[in-house]
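J.: Here is a sequence together with a model predicted from it:
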Amino acid sequence: MKTDDLVAMLANGEVAAPRRRAGRRIGLAVLLGLPLSFAILFAGYGVRYDIVQAMFWPMFWVKVLFPLCIAAAGFVAVERLARPGVAPRRAWVGAALPVLGVWVLAVVAWFTLPMEARMPSLMGQSWRICALSIGLMALPVFAATLVALKGMAPTRPALAGAAAGALAGGVGAAIYALHCMELTAPFLAVWYVSGIAVPVLAGAALGPRLLRW
Amino acid sequence: MARNTISSRVNPSDAEAALRSLFLRGLDGDAKAYRDFLQRLSAHLRAFLGKRLFGWPDEVEDLVQECLLAMHNQRHTYQSDQPLTAWVHAIARYKMIDLLRAKSVREDLHDPLDDDLAVFTESAEEASDAKRDLGGLLETLPERQRLPIVHVKIEGLSVAETASLTGMSESAVKVGIHRGLKALAARCGSNWGSAA
(Lines give C-alpha, C1' and ligand atoms only; values in the text may rest on other atoms or scores of the structure.)
Protein backbone atom coordinates (compact mmCIF):
# COMPACT_ATOMS: atom_id res chain seq x y z
CA MET A 1 0.00 0.00 0.00
CA LYS A 2 1.37 3.42 -0.92
CA THR A 3 1.46 6.17 1.68
CA ASP A 4 -1.03 8.25 -0.32
CA ASP A 5 -3.45 5.31 -0.27
CA LEU A 6 -2.97 4.98 3.48
CA VAL A 7 -3.71 8.69 3.91
CA ALA A 8 -6.85 8.34 1.79
CA MET A 9 -7.88 5.30 3.78
CA LEU A 10 -7.40 6.94 7.19
CA ALA A 11 -9.28 10.08 6.13
CA ASN A 12 -12.21 8.14 4.68
CA GLY A 13 -15.45 7.87 6.64
CA GLU A 14 -15.86 9.16 10.18
CA VAL A 15 -12.69 10.96 11.33
CA ALA A 16 -14.05 12.93 14.30
CA ALA A 17 -12.53 12.03 17.66
CA PRO A 18 -13.93 13.11 21.00
CA ARG A 19 -11.20 15.06 22.75
CA ARG A 20 -12.73 15.35 26.20
CA ARG A 21 -13.18 11.67 26.84
CA ALA A 22 -9.47 10.89 26.98
CA GLY A 23 -8.95 12.93 30.14
CA ARG A 24 -11.59 11.01 32.03
CA ARG A 25 -10.17 7.54 31.47
CA ILE A 26 -7.69 7.63 34.32
CA GLY A 27 -10.24 9.11 36.70
CA LEU A 28 -12.69 6.40 35.71
CA ALA A 29 -10.07 3.74 36.35
CA VAL A 30 -9.54 5.02 39.90
CA LEU A 31 -13.30 5.10 40.50
CA LEU A 32 -13.60 1.51 39.29
CA GLY A 33 -10.65 0.28 41.35
CA LEU A 34 -11.56 2.02 44.62
CA PRO A 35 -14.63 -0.11 45.54
CA LEU A 36 -12.57 -3.26 45.00
CA SER A 37 -9.78 -1.97 47.24
CA PHE A 38 -12.37 -1.17 49.92
CA ALA A 39 -13.89 -4.62 49.45
CA ILE A 40 -10.49 -6.16 50.21
CA LEU A 41 -10.26 -3.97 53.33
CA PHE A 42 -13.72 -4.92 54.61
CA ALA A 43 -13.59 -8.60 53.65
CA GLY A 44 -10.01 -9.45 54.58
CA TYR A 45 -9.00 -6.90 57.22
CA GLY A 46 -11.78 -4.81 58.72
CA VAL A 47 -11.60 -1.17 59.84
CA ARG A 48 -9.80 -0.63 63.16
CA TYR A 49 -12.30 -0.82 66.03
CA ASP A 50 -11.36 2.59 67.45
CA ILE A 51 -11.54 4.46 64.14
CA VAL A 52 -13.75 7.25 65.53
CA GLN A 53 -11.38 7.90 68.39
CA ALA A 54 -8.37 7.66 66.07
CA MET A 55 -9.74 10.50 63.99
CA PHE A 56 -8.80 12.88 66.80
CA TRP A 57 -5.12 11.93 66.64
CA PRO A 58 -2.90 13.94 64.29
CA MET A 59 -0.75 10.89 63.55
CA PHE A 60 -3.77 9.08 62.13
CA TRP A 61 -4.22 11.88 59.61
CA VAL A 62 -0.54 11.88 58.72
CA LYS A 63 -0.94 8.19 57.99
CA VAL A 64 -3.93 8.76 55.71
CA LEU A 65 -2.90 12.02 54.06
CA PHE A 66 0.73 11.37 53.18
CA PRO A 67 -0.18 8.43 50.91
CA LEU A 68 -3.09 10.43 49.46
CA CYS A 69 -0.66 13.21 48.45
CA ILE A 70 1.48 10.60 46.69
CA ALA A 71 -1.63 9.23 44.98
CA ALA A 72 -2.62 12.71 43.80
CA ALA A 73 0.86 13.36 42.41
CA GLY A 74 0.77 9.95 40.73
CA PHE A 75 -2.59 10.78 39.19
CA VAL A 76 -1.30 14.04 37.71
CA ALA A 77 1.82 12.30 36.40
CA VAL A 78 -0.19 9.45 34.82
CA GLU A 79 -2.52 11.93 33.13
CA ARG A 80 0.45 13.73 31.63
CA LEU A 81 2.52 10.68 30.72
CA ALA A 82 -0.51 9.14 28.98
CA ARG A 83 -0.26 11.80 26.27
CA PRO A 84 2.58 12.09 23.75
CA GLY A 85 4.60 15.25 24.12
CA VAL A 86 3.20 16.31 27.51
CA ALA A 87 6.05 16.46 30.02
CA PRO A 88 5.30 15.29 33.57
CA ARG A 89 7.15 18.39 34.73
CA ARG A 90 7.28 18.60 38.51
CA ALA A 91 4.58 16.06 39.32
CA TRP A 92 7.23 13.83 40.93
CA VAL A 93 7.92 16.52 43.55
CA GLY A 94 4.39 15.98 44.81
CA ALA A 95 5.27 12.35 45.45
CA ALA A 96 8.73 13.00 46.87
CA LEU A 97 7.76 15.71 49.37
CA PRO A 98 5.36 13.60 51.47
CA VAL A 99 7.95 10.81 51.67
CA LEU A 100 10.61 13.30 52.70
CA GLY A 101 8.26 14.76 55.31
CA VAL A 102 7.57 11.37 56.87
CA TRP A 103 11.27 10.57 56.90
CA VAL A 104 12.00 13.82 58.73
CA LEU A 105 9.27 13.02 61.27
CA ALA A 106 10.73 9.55 61.68
CA VAL A 107 14.28 10.78 62.29
CA VAL A 108 13.02 13.31 64.85
CA ALA A 109 10.93 10.64 66.59
CA TRP A 110 13.81 8.16 66.52
CA PHE A 111 16.21 10.48 68.33
CA THR A 112 13.68 11.83 70.83
CA LEU A 113 12.55 8.33 71.86
CA PRO A 114 14.45 6.51 74.64
CA MET A 115 16.79 3.85 73.32
CA GLU A 116 14.60 0.88 74.29
CA ALA A 117 11.51 2.34 72.56
CA ARG A 118 13.22 2.91 69.21
CA MET A 119 13.09 -0.56 67.69
CA PRO A 120 9.46 -1.16 68.76
CA SER A 121 8.47 2.14 67.13
CA LEU A 122 10.09 0.98 63.92
CA MET A 123 8.80 -2.59 63.82
CA GLY A 124 5.41 -2.11 65.53
CA GLN A 125 3.20 -5.19 65.76
CA SER A 126 2.51 -5.63 62.08
CA TRP A 127 5.64 -4.95 60.02
CA ARG A 128 5.43 -8.42 58.52
CA ILE A 129 2.13 -7.83 56.75
CA CYS A 130 2.16 -4.06 56.21
CA ALA A 131 3.93 -3.62 52.87
CA LEU A 132 2.28 -6.69 51.38
CA SER A 133 -1.19 -5.59 52.48
CA ILE A 134 -0.66 -2.17 50.95
CA GLY A 135 0.41 -3.83 47.72
CA LEU A 136 -2.69 -6.02 47.79
CA MET A 137 -5.03 -3.06 48.32
CA ALA A 138 -3.25 -1.15 45.57
CA LEU A 139 -3.81 -3.97 43.09
CA PRO A 140 -7.32 -3.09 41.81
CA VAL A 141 -6.44 0.58 41.16
CA PHE A 142 -3.08 -0.47 39.72
CA ALA A 143 -4.64 -2.88 37.22
CA ALA A 144 -7.44 -0.47 36.26
CA THR A 145 -4.95 2.37 35.70
CA LEU A 146 -2.72 0.21 33.51
CA VAL A 147 -5.75 -0.78 31.42
CA ALA A 148 -6.68 2.90 31.06
CA LEU A 149 -3.08 3.73 30.08
CA LYS A 150 -3.21 0.99 27.48
CA GLY A 151 -5.97 2.96 25.77
CA MET A 152 -3.77 6.06 25.69
CA ALA A 153 -0.34 6.59 24.18
CA PRO A 154 2.43 6.68 26.81
CA THR A 155 5.74 7.31 25.05
CA ARG A 156 7.70 6.69 28.25
CA PRO A 157 6.17 3.40 29.37
CA ALA A 158 8.46 2.70 32.35
CA LEU A 159 7.82 6.13 33.82
CA ALA A 160 4.09 5.88 33.09
CA GLY A 161 3.98 2.48 34.79
CA ALA A 162 5.83 3.85 37.82
CA ALA A 163 3.41 6.79 38.05
CA ALA A 164 0.48 4.35 37.89
CA GLY A 165 2.18 2.48 40.74
CA ALA A 166 2.50 5.67 42.81
CA LEU A 167 -1.18 6.43 42.23
CA ALA A 168 -2.25 2.90 43.18
CA GLY A 169 0.23 2.54 46.05
CA GLY A 170 -0.86 5.85 47.57
CA VAL A 171 -4.52 4.84 47.37
CA GLY A 172 -3.73 1.37 48.76
CA ALA A 173 -1.74 2.77 51.70
CA ALA A 174 -4.44 5.32 52.58
CA ILE A 175 -7.07 2.56 52.62
CA TYR A 176 -4.86 0.19 54.60
CA ALA A 177 -4.35 3.00 57.13
CA LEU A 178 -8.01 2.60 58.10
CA HIS A 179 -7.21 -0.89 59.35
CA CYS A 180 -3.65 -0.54 60.61
CA MET A 181 -3.08 0.19 64.32
CA GLU A 182 0.47 1.54 64.06
CA LEU A 183 0.90 5.23 64.84
CA THR A 184 4.64 5.83 64.88
CA ALA A 185 6.52 7.86 62.28
CA PRO A 186 9.45 5.39 61.98
CA PHE A 187 6.97 2.62 61.11
CA LEU A 188 5.35 4.75 58.38
CA ALA A 189 8.72 5.87 57.08
CA VAL A 190 9.88 2.31 56.46
CA TRP A 191 6.88 0.03 55.97
CA TYR A 192 4.34 2.34 54.38
CA VAL A 193 6.95 3.76 52.04
CA SER A 194 8.03 0.21 51.15
CA GLY A 195 4.40 -0.75 50.56
CA ILE A 196 3.99 2.14 48.14
CA ALA A 197 7.35 1.41 46.50
CA VAL A 198 6.22 -2.13 45.60
CA PRO A 199 3.62 -1.04 43.01
CA VAL A 200 5.93 1.77 41.81
CA LEU A 201 8.70 -0.72 41.04
CA ALA A 202 6.21 -3.20 39.60
CA GLY A 203 4.86 -0.46 37.34
CA ALA A 204 8.31 0.54 36.16
CA ALA A 205 9.08 -3.10 35.35
CA LEU A 206 5.72 -3.92 33.73
CA GLY A 207 5.27 -0.64 31.82
CA PRO A 208 7.63 -1.34 28.92
CA ARG A 209 6.10 -4.80 28.50
CA LEU A 210 2.40 -4.01 28.92
CA LEU A 211 2.09 -0.48 27.59
CA ARG A 212 3.55 -0.90 24.11
CA TRP A 213 1.50 0.49 21.28
CA MET B 1 17.79 3.54 -5.63
CA ALA B 2 15.74 6.70 -5.87
CA ARG B 3 15.70 8.61 -2.60
CA ASN B 4 13.74 11.61 -1.39
CA THR B 5 15.83 14.15 -3.18
CA ILE B 6 13.17 16.85 -3.15
CA SER B 7 13.22 18.16 0.37
CA SER B 8 12.29 21.76 1.03
CA ARG B 9 12.80 24.01 4.06
CA VAL B 10 9.66 25.36 5.63
CA ASN B 11 9.10 27.79 8.47
CA PRO B 12 8.26 25.55 11.43
CA SER B 13 5.90 27.98 13.14
CA ASP B 14 3.88 28.49 9.94
CA ALA B 15 3.72 24.75 9.49
CA GLU B 16 2.66 24.29 13.11
CA ALA B 17 -0.21 26.78 12.78
CA ALA B 18 -1.42 25.41 9.45
CA LEU B 19 -1.16 21.76 10.43
CA ARG B 20 -2.74 22.35 13.79
CA SER B 21 -5.76 24.10 12.34
CA LEU B 22 -6.25 21.32 9.77
CA PHE B 23 -5.88 18.67 12.47
CA LEU B 24 -8.37 20.34 14.82
CA ARG B 25 -10.89 20.68 12.00
CA GLY B 26 -10.33 17.02 11.25
CA LEU B 27 -10.94 16.07 14.88
CA ASP B 28 -14.24 17.93 14.64
CA GLY B 29 -15.24 15.73 11.71
CA ASP B 30 -13.96 17.60 8.61
CA ALA B 31 -12.62 14.68 6.53
CA LYS B 32 -11.19 16.93 3.80
CA ALA B 33 -9.13 18.93 6.30
CA TYR B 34 -8.05 15.71 7.97
CA ARG B 35 -6.83 14.32 4.67
CA ASP B 36 -4.86 17.49 3.94
CA PHE B 37 -3.40 17.26 7.41
CA LEU B 38 -2.25 13.64 6.95
CA GLN B 39 -0.86 14.44 3.51
CA ARG B 40 1.27 17.31 4.76
CA LEU B 41 2.17 15.45 7.93
CA SER B 42 3.49 12.51 5.92
CA ALA B 43 5.79 14.85 3.99
CA HIS B 44 7.17 16.28 7.24
CA LEU B 45 7.60 12.83 8.74
CA ARG B 46 9.39 11.61 5.62
CA ALA B 47 11.93 14.43 5.84
CA PHE B 48 12.31 14.13 9.61
CA LEU B 49 12.74 10.36 9.67
CA GLY B 50 14.75 10.26 6.45
CA LYS B 51 17.38 12.48 7.99
CA ARG B 52 17.64 10.38 11.14
CA LEU B 53 17.45 6.96 9.58
CA PHE B 54 20.20 7.61 7.06
CA GLY B 55 21.56 4.18 7.84
CA TRP B 56 18.35 2.48 6.77
CA PRO B 57 16.86 4.44 3.87
CA ASP B 58 14.62 1.51 3.00
CA GLU B 59 12.80 1.67 6.31
CA VAL B 60 11.80 5.33 6.06
CA GLU B 61 8.55 4.89 4.15
CA ASP B 62 7.50 1.98 6.36
CA LEU B 63 8.10 4.10 9.44
CA VAL B 64 6.21 7.05 7.93
CA GLN B 65 3.23 4.76 7.42
CA GLU B 66 3.52 3.32 10.89
CA CYS B 67 3.62 6.82 12.40
CA LEU B 68 0.59 7.92 10.39
CA LEU B 69 -1.35 4.89 11.55
CA ALA B 70 -0.28 5.46 15.16
CA MET B 71 -1.17 9.17 15.06
CA HIS B 72 -4.56 8.34 13.57
CA ASN B 73 -5.25 5.71 16.24
CA GLN B 74 -4.07 7.98 19.06
CA ARG B 75 -5.56 11.24 17.81
CA HIS B 76 -7.83 11.37 20.86
CA THR B 77 -4.76 11.86 23.08
CA TYR B 78 -3.97 15.26 21.57
CA GLN B 79 -4.89 18.18 23.83
CA SER B 80 -5.92 21.25 21.90
CA ASP B 81 -3.85 23.56 24.13
CA GLN B 82 -0.67 21.61 23.39
CA PRO B 83 1.77 22.37 20.52
CA LEU B 84 1.14 19.88 17.74
CA THR B 85 4.90 19.71 17.11
CA ALA B 86 5.47 18.24 20.58
CA TRP B 87 2.76 15.61 20.09
CA VAL B 88 3.95 14.59 16.63
CA HIS B 89 7.59 14.57 17.67
CA ALA B 90 6.92 12.38 20.73
CA ILE B 91 5.09 9.78 18.64
CA ALA B 92 7.61 9.81 15.77
CA ARG B 93 10.47 9.46 18.25
CA TYR B 94 8.72 6.61 20.07
CA LYS B 95 8.16 4.71 16.83
CA MET B 96 11.71 5.37 15.68
CA ILE B 97 13.16 4.06 18.94
CA ASP B 98 10.98 0.99 18.51
CA LEU B 99 12.51 0.38 15.10
CA LEU B 100 16.08 1.04 16.23
CA ARG B 101 15.57 -1.23 19.20
CA ALA B 102 14.28 -3.96 16.93
CA LYS B 103 17.49 -3.52 14.98
CA SER B 104 19.34 -3.63 18.31
CA VAL B 105 21.50 -0.60 17.86
CA ARG B 106 20.96 0.82 21.31
CA GLU B 107 24.42 2.37 21.42
CA ASP B 108 23.57 4.59 18.46
CA LEU B 109 20.32 5.79 19.95
CA HIS B 110 21.33 9.17 21.26
CA ASP B 111 23.02 10.68 18.29
CA PRO B 112 20.24 10.79 15.70
CA LEU B 113 17.52 11.56 18.24
CA ASP B 114 18.70 14.53 20.26
CA ASP B 115 17.92 17.05 17.58
CA ASP B 116 14.48 17.45 19.03
CA LEU B 117 11.27 19.12 17.98
CA ALA B 118 12.49 19.78 14.45
CA VAL B 119 9.66 17.75 12.96
CA PHE B 120 8.15 20.55 10.91
CA THR B 121 11.33 22.20 9.63
CA GLU B 122 11.47 20.20 6.45
CA SER B 123 9.10 18.53 4.11
CA ALA B 124 9.66 15.77 1.53
CA GLU B 125 6.74 15.23 -0.81
CA GLU B 126 8.10 12.37 -2.82
CA ALA B 127 7.37 8.99 -1.36
CA SER B 128 9.51 6.02 -2.12
CA ASP B 129 7.92 2.60 -2.06
CA ALA B 130 7.10 1.07 1.25
CA LYS B 131 8.82 -2.24 1.79
CA ARG B 132 6.13 -3.61 4.01
CA ASP B 133 2.74 -3.94 2.40
CA LEU B 134 0.03 -2.65 4.71
CA GLY B 135 -2.55 -4.03 2.28
CA GLY B 136 -1.07 -7.47 2.83
CA LEU B 137 -1.12 -7.01 6.60
CA LEU B 138 -4.76 -5.96 6.32
CA GLU B 139 -5.51 -9.33 4.74
CA THR B 140 -4.33 -11.07 7.90
CA LEU B 141 -6.94 -9.35 10.10
CA PRO B 142 -10.05 -11.31 11.11
CA GLU B 143 -13.15 -10.68 8.95
CA ARG B 144 -15.02 -8.65 11.56
CA GLN B 145 -12.19 -6.10 11.42
CA ARG B 146 -11.07 -6.46 7.82
CA LEU B 147 -14.48 -6.11 6.15
CA PRO B 148 -15.46 -2.86 7.92
CA ILE B 149 -12.06 -1.35 7.05
CA VAL B 150 -12.25 -2.45 3.41
CA HIS B 151 -15.83 -1.25 2.91
CA VAL B 152 -15.82 1.98 4.92
CA LYS B 153 -12.22 3.18 4.85
CA ILE B 154 -11.14 1.96 1.40
CA GLU B 155 -14.28 1.67 -0.72
CA GLY B 156 -15.92 4.63 0.99
CA LEU B 157 -19.26 3.02 1.86
CA SER B 158 -21.19 4.38 4.82
CA VAL B 159 -21.34 2.53 8.12
CA ALA B 160 -25.04 1.72 7.50
CA GLU B 161 -24.34 0.32 4.01
CA THR B 162 -21.50 -1.78 5.35
CA ALA B 163 -23.71 -3.07 8.14
CA SER B 164 -26.40 -4.28 5.73
CA LEU B 165 -23.81 -5.68 3.33
CA THR B 166 -21.98 -7.73 5.95
CA GLY B 167 -24.87 -8.49 8.29
CA MET B 168 -22.98 -6.87 11.17
CA SER B 169 -24.59 -4.26 13.42
CA GLU B 170 -23.58 -0.64 12.89
CA SER B 171 -21.78 -0.50 16.20
CA ALA B 172 -19.94 -3.72 15.36
CA VAL B 173 -18.77 -2.07 12.12
CA LYS B 174 -17.47 0.97 14.02
CA VAL B 175 -15.76 -1.20 16.64
CA GLY B 176 -14.31 -3.35 13.85
CA ILE B 177 -12.72 -0.32 12.18
CA HIS B 178 -11.33 0.98 15.45
CA ARG B 179 -9.90 -2.34 16.66
CA GLY B 180 -8.76 -3.29 13.17
CA LEU B 181 -6.64 -0.16 12.74
CA LYS B 182 -5.15 -0.72 16.20
CA ALA B 183 -4.37 -4.34 15.32
CA LEU B 184 -2.80 -3.18 12.07
CA ALA B 185 -0.55 -0.78 14.00
CA ALA B 186 0.40 -3.55 16.42
CA ARG B 187 1.31 -5.87 13.53
CA CYS B 188 3.51 -3.17 12.03
CA GLY B 189 5.52 -2.99 15.24
CA SER B 190 5.99 -6.74 15.57
CA ASN B 191 6.93 -6.87 11.91
CA TRP B 192 10.21 -4.98 12.21
CA GLY B 193 12.22 -7.94 13.40
CA SER B 194 11.19 -10.15 10.53
CA ALA B 195 11.52 -7.43 7.91
CA ALA B 196 15.10 -6.64 8.88
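T.: Done, it's in. Keep in mind that what you see is a predicted model, and the values were worked out from it rather than measured. Residues are numbered from 1 along each chain as shown, chains lettered A, B, ... in the order given.

J.: Please count neighbours and contacts with C-alpha atoms only from this point.
T.: OK.

J.: check which helix or strand covers the closest residue to chain A within chain B.
T.: Closest contact between chain B and chain A, by Cα to the nearest Cα, is at residue B:29 (4.0 Å). According to DSSP states H and E, residue B:29 maps onto no helix or strand at all.

J.: What separation is there between it and residue B:182?
T.: When Cα to Cα, to the nearest Å is applied, the distance between residue B:29 and residue B:182 equals 20 Å.

J.: quick one: secondary structure of residue B:8?
T.: Following DSSP: H, G, I helix; E, B strand; the rest coil, residue B:8 is assigned to strand.

J.: That one: what's it in contact with?
T.: Residue B:8 makes contacts with B:122-124, as judged by Cα atoms under 8 Å, 6 or more residues apart in numbering or on different chains.

J.: Isn't the residue of chain B closest to chain A up against residue A:14?
T.: Yes - when contacts are counted by Cα atoms under 8 Å, residue B:29 is listed as touching residue A:14 (6.8 Å).

J.: Residue numbers of chain A in contact with chain B?
T.: For chain A, the residues found near chain B under the criterion Cα under 8 Å from any Cα of the partner chain are A:1-4, A:6-19, A:22, A:82-86, A:152-153, A:155, A:213.

J.: Only the buried subset of these, as a PyMOL command please.
T.: Typed into PyMOL, the line below selects the buried ones among these, using 16 or more other Cα atoms under 10 Å in any protein chain shown:
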select buried, chain A and resi 1+2+3+6+7+8+9+10+11+12+13+14+15+16+17+19+22+82+83+84+85+86+152+153+155+213
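
J.: Give me the pLDDT value at the residue in chain A positioned nearest to chain B.
T.: Per Cα to the nearest Cα, the residue of chain A with the smallest distance to chain B is residue A:16, at 4.0 Å. Note on residue A:16: pLDDT of 85.

J.: ok, residue B:29 to residue B:80 distance?
T.: 15 Å.

J.: scratch that, residue A:205
T.: For residue A:205, the distance to residue B:80 under the criterion Cα to Cα works out to 32 Å.

J.: what pLDDT does residue B:1 get?
T.: The model reports residue B:1 with a pLDDT of 42.

J.: brain fart, residue A:105
T.: As summarised for this prediction, residue A:105 has a pLDDT of 95.

J.: what helix or strand is it on?
T.: For residue A:105, the host element (DSSP H and E) is helix A:91-112.

J.: mind listing what's buried in that helix?
T.: Of the residues in helix A:91-112, those buried by neighbour count under the rule 16+ other Cα under 10 Å are A:91-92, A:94-95, A:98-99, A:102-103, A:105-106, A:109-110.

J.: Run the angle between the next helix or strand after it and helix A:91-112 for me.
T.: Where DSSP H and E defines the elements, the next helix or strand beyond helix A:91-112 is helix A:115-123. Angle of helix A:115-123 versus helix A:91-112, following axes from the mean of the first three to the mean of the last three Cα atoms, to 10 degrees, is 150 degrees.
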